[in-house]
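Trainee: Make a model of this:
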Amino acid sequence: MIYLSNAFSCQMIPEGVSCTVASSSRDEAAKLLLGDYYDGNGEFINCVSAFVGTSVVGHADVAAVIAKALGCPGMIDVNRVSIVLEKDDVLFVAQYIGPRLPEGAKVLPEGATIRWFKAKLLSPA
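Mentor: Numbering: from 1, shown residues only. Prediction:
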């Protein structure tokens, strides 16, 4: 499963298993989250039904801003659930960094950014 989140929690890691969390990029996330709809040159093709990951983004405004950053506005569902990663799962974390998002935000406010991370389980410890 490929997940997209706006946060990472240690409770996402099963007991007795190690996990890597490393810097990633918008392009790496887009290649997996948007599948064949991403052309590899920063452009998206037919993005209307592109999102192939599972959203675990819990806030509507954050979901809208992340969707816009990925280039597919409106395609990230709000899904406030807890997950525990399993073997072969990949979690992309779109970490919003900046001032508090204003109510109804759809784009990044001035001075804000999104840092991308990728979390993946390792073999049991």
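Trainee: The helix or strand bottoming out on mean pLDDT in the chain packs against which elements?
Mentor: Least confident element among the helices and strands of the chain, by mean pLDDT, DSSP states H and E: helix 26-33 (a mean of 83). Using 3 or more C-beta pairs under 8 Å, 6 or more residues apart in numbering; DSSP states H and E, the elements in contact with helix 26-33 are strand 2-5, helix 60-70, strand 90-97, strand 113-124. The C-beta positions use only the backbone N, C-alpha and C, and glycine is treated the same way.
Trainee: report the angle between the axes of the longest one and strand 90-97?
Mentor: It refers to strand 113-124. Strand 113-124 runs at 150 degrees relative to strand 90-97, counting by axes from the mean of the first three to the mean of the last three C-alpha atoms, to 10 degrees.
Trainee: Partner strands of strand 113-124 and their direction?
Mentor: strand 17-23 (antiparallel), strand 90-97 (antiparallel) (DSSP bridges).
Trainee: got the contact list for it?
Mentor: By C-beta atoms under 8 Å, 6 or more residues apart in numbering, the residues outside strand 113-124 that reach it are 8, 12-14, 16-26, 28-29, 65-66, 69, 85-87, 89-98, 108.
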